[in-house]
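Novice: no sequence for this one, just the structure:
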């Protein structure tokens, strides 16, 4: 995941500059249509995926026995997501229903992930601050299930920017913090729990896809209207389930090695 993000961070601004410059030189204008915006989001991702796939040297799955507790948690989270997708209008299970299950599920999984990462720090010798920072951040995000507060953060911090720009800045900073903490923790976990590091990387990959889907939906383009719009919260729940599995894998692996 670090390799992919590195390629993407190089290719995304390069594509933006190249597209704007070529549009100006050939057409004497800068293309600001939705198609240009979507191309800027999707083309660098495809390029980074191709480069990361060709340069990958590590095996897809780490060696050793997979942690059972982590995969039971992951399977439970995926089952909840599958039920919400299969019956989207169901009052209890559906993503488009009136119940709170699908809204609470990623937050509860974030609490579980944060608590597991913090607990695993007790036996870590290296990288403890990185794993602890990720655990604390996930706990902070998950506490929205106990007392909702995340929706009010942009208005409280940046009231003069309005709901759209304030939310864009606030959530953008939060996303950067999550990715920075997770990538640093992943590097630390690679030496102690390969399964935890790999599951955490998968969580970041799914979250990256969900964020790009949300950005494509930013201008309410019709192809992401219902029922396809439920794919974004479903991807967030999958990312949360993978993060919880990564935290439990880190905890179990440290217990087994202790």
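Specialist: Sure, I can see it. None of these values were measured; they are calculated from a predicted model. Numbering: from 1, shown residues only.
Novice: ok, now which ones touch residue 161?
Specialist: By CB atoms under 8 Å, 6 or more residues apart in numbering, residue 161 lies in contact with 154, 169. The way it works is simple: take the backbone N, C-alpha and C, and place the C-beta from them, glycine included.
Novice: mind checking how far it is from residue 250?
Specialist: Going from residue 161 to residue 250 by CB to CB, to the nearest Å gives 38 Å.
Novice: likewise residue 111?
Specialist: Taken as CB to CB, the span from residue 111 to residue 250 is 16 Å.
Novice: So for the two, which residue has more residues nearby?
Specialist: Each of residue 111 and residue 250 has its neighbours counted (other CB atoms under 10 Å); residue 250 has more, 32 against 21.
Novice: Show me what counts as buried in the helix or strand containing that one.
Specialist: According to DSSP states H and E, residue 250 maps onto helix 231-257. Using 16 or more other CB atoms under 10 Å as the test for burial, helix 231-257 gives 231-254.
Novice: Check stretch 117-135 too.
Specialist: 117-121, 124, 127, 130-135.
Novice: how about the residues you listed in JSON lines, adding pLDDT?
Specialist: As requested, those are exported to JSON lines (pLDDT from 0 to 100):
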{"residue": "117", "pLDDT": "94"}
{"residue": "118", "pLDDT": "93"}
{"residue": "119", "pLDDT": "92"}
{"residue": "120", "pLDDT": "89"}
{"residue": "121", "pLDDT": "87"}
{"residue": "124", "pLDDT": "76"}
{"residue": "127", "pLDDT": "79"}
{"residue": "130", "pLDDT": "90"}
{"residue": "131", "pLDDT": "92"}
{"residue": "132", "pLDDT": "93"}
{"residue": "133", "pLDDT": "93"}
{"residue": "134", "pLDDT": "94"}
{"residue": "135", "pLDDT": "94"}
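Novice: between these, which is closest to residue 144?
Specialist: Relative to residue 144, the closest of these is residue 135; by CB to CB it sits at 16.1 Å.
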